[in-house]
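Peer 1: Sequence and computational prediction follow.
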Amino acid sequence: MAKSKSIALVTGVSNDTGIGAAVCRKLAQQETEIFFTHWQATPDFPERFRSEIMDLGVRCEFLEVDLAQRDAETAILAHITSAIGFPNILINNAAHSIDSNYMNLTGTILDDHYMVNMRATFLLSTEFAKGFQQMGRNDGRIINLTSGQEQGPMPGNLAYAATKGAISAFTSSLYAEIAELGITVNAVNPGPTDTNWMDDDIREYLRPKFGMGRIGKPEDAANLIAFLASEEGGWITGQVIHSEGGFLRS
């Protein structure tokens with residue numbers, strides 16, 4: 001019997017230069033079919049990116065969805081199942097980030113971060129596991145994106161640091177519950193990565209802090225995530241992997 005094709009659900013793919021887009025490209029190059037979610041992307045991006053991925057020889061569909069909305073996880077999984085099938089790979093890449101320190105932290109800021117960074121990630125993961133259990137496969141992968149909160153303080157980012165840090169704790173417990181289903185659960189901290197949030201001043205400040213002599217690229221994160229999603233990465237679970245190119249915080 002031929003092995004079933006892998007299908008990956010990747011959240012937070014809203015521009016060409018982000019980690020999410022790099023992950024989609026890398027997985028598609030490995031013949032994985034792609035379903036991505038986006039929110040408030042430029043009008044031409046989703047269809048253009050879908051065509052780019054399909055040119056790599058795999059199916060690709062997408063959904064615009066606000067992960068802060070309740071039941072977003074249900075809508076996403078229903079849509080992907082209808083479009084190309086239930087996934088065996090889940091990449092929780094989407095994130096919400098607004099600067100907040102102790103002087104301006106509010107309940108609204110906390111709630112906004114919680115809904116995307118924690119609630120959506122946690123419920124997508126558990127609903128994915130429930131659905132995967134019925135597929136009769138043993139190659140499930142959940143890969144969460146975090147930001148190295150346990151590596152040191154992040155002043156001025158209280159809500160972001162707290163909610164992304166919770167993803168590491170969630171990863172370290174969920175894997176033990178669903179390993180018997182054939183699902184691995186890992187988190188990747190890619191370190192400061194040159195996506196659409198960096199300008200030249202930030203690059204100049206950060207570059208000397210990298211022991212490898214350059215700033216991280218989205219493709220660096222994508223390479224690691226693709227390995228964890230592969231058959232070869234199937235023995236790795238319950239890990240929070242800090243892939244930062246020797247980044248120095250001091």
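Peer 2: All right, it came through fine.
Peer 1: rest of the way, CA atoms for contacts and neighbours
Peer 2: Fine.
Peer 1: A8 belongs to a strand?
Peer 2: Yes: with DSSP: H, G, I helix; E, B strand; the rest coil as the criterion, A8 is part of a strand.
Peer 1: What is the neighbour count of it?
Peer 2: Other residues within reach of A8, judged by other C-alpha atoms under 10 Å, total 27.
Peer 1: Ok, the one 4 residues further on next?
Peer 2: When counting by other C-alpha under 10 Å, one arrives at 24 neighbours for G12.
Peer 1: Which pLDDT value belongs to it?
Peer 2: Note for G12: predicted pLDDT of 97.
Peer 1: can you give me the helices in this structure?
Peer 2: Counting by DSSP state H, the chain has helices at residues 19-29, 45-54, 72-83, 107-113, 121-132, 158-178, 200-206, 218-229.
Peer 1: How far off centre is the fourth one?
Peer 2: Looking back up the chat, that one is helix 107-113. 20 Å (C-alpha atoms, centre = their mean, to the nearest Å).
Peer 1: Just the buried residues of that helix, please?
Peer 2: By neighbour count on 16 or more other C-alpha atoms under 10 Å, the buried set for helix 107-113 is I109, L110, D111, D112, H113.
Peer 1: measure the residue nearest to A166 when sequence neighbours are not counted to A68 for me?
Peer 2: Sequence neighbours aside, M118 is the residue nearest to A166 in space, at 7.1 Å (criterion: C-alpha to C-alpha, 6 or more residues apart in numbering). Applying C-alpha to C-alpha, to the nearest Å, the value for M118 to A68 is 10 Å.
Peer 1: ditto for D55
Peer 2: Taking C-alpha to C-alpha, one finds D55 at 32 Å from A68.
Peer 1: So for the two, which sits in the more crowded spot?
Peer 2: Taking neighbours as other C-alpha under 10 Å, D55 and A68 compare with A68 leading, 18 against 12.
Peer 1: My read is that that one contacts D111, right?
Peer 2: No: counting by C-alpha atoms under 8 Å, A68 does not reach D111; the two are 9.1 Å apart.
Peer 1: and the gap between the residue nearest to A166 and P87?
Peer 2: Relative to P87, and taking C-alpha to C-alpha, M118 is found at 21 Å.
Peer 1: for the helix or strand of the chain with the lowest mean pLDDT, the distance to its chain's centre please.
Peer 2: One helix or strand of the chain scores below all others by mean pLDDT, DSSP states H and E: helix 200-206, with a mean of 88. Its chain's C-alpha centre and that of helix 200-206 lie 25 Å apart, by C-alpha atoms, centre = their mean.
Peer 1: buried stuff in that helix?
Peer 2: Applying 16+ other C-alpha under 10 Å to helix 200-206 flags L206 as buried.
Peer 1: Since that was my last question, I'll sign off now.
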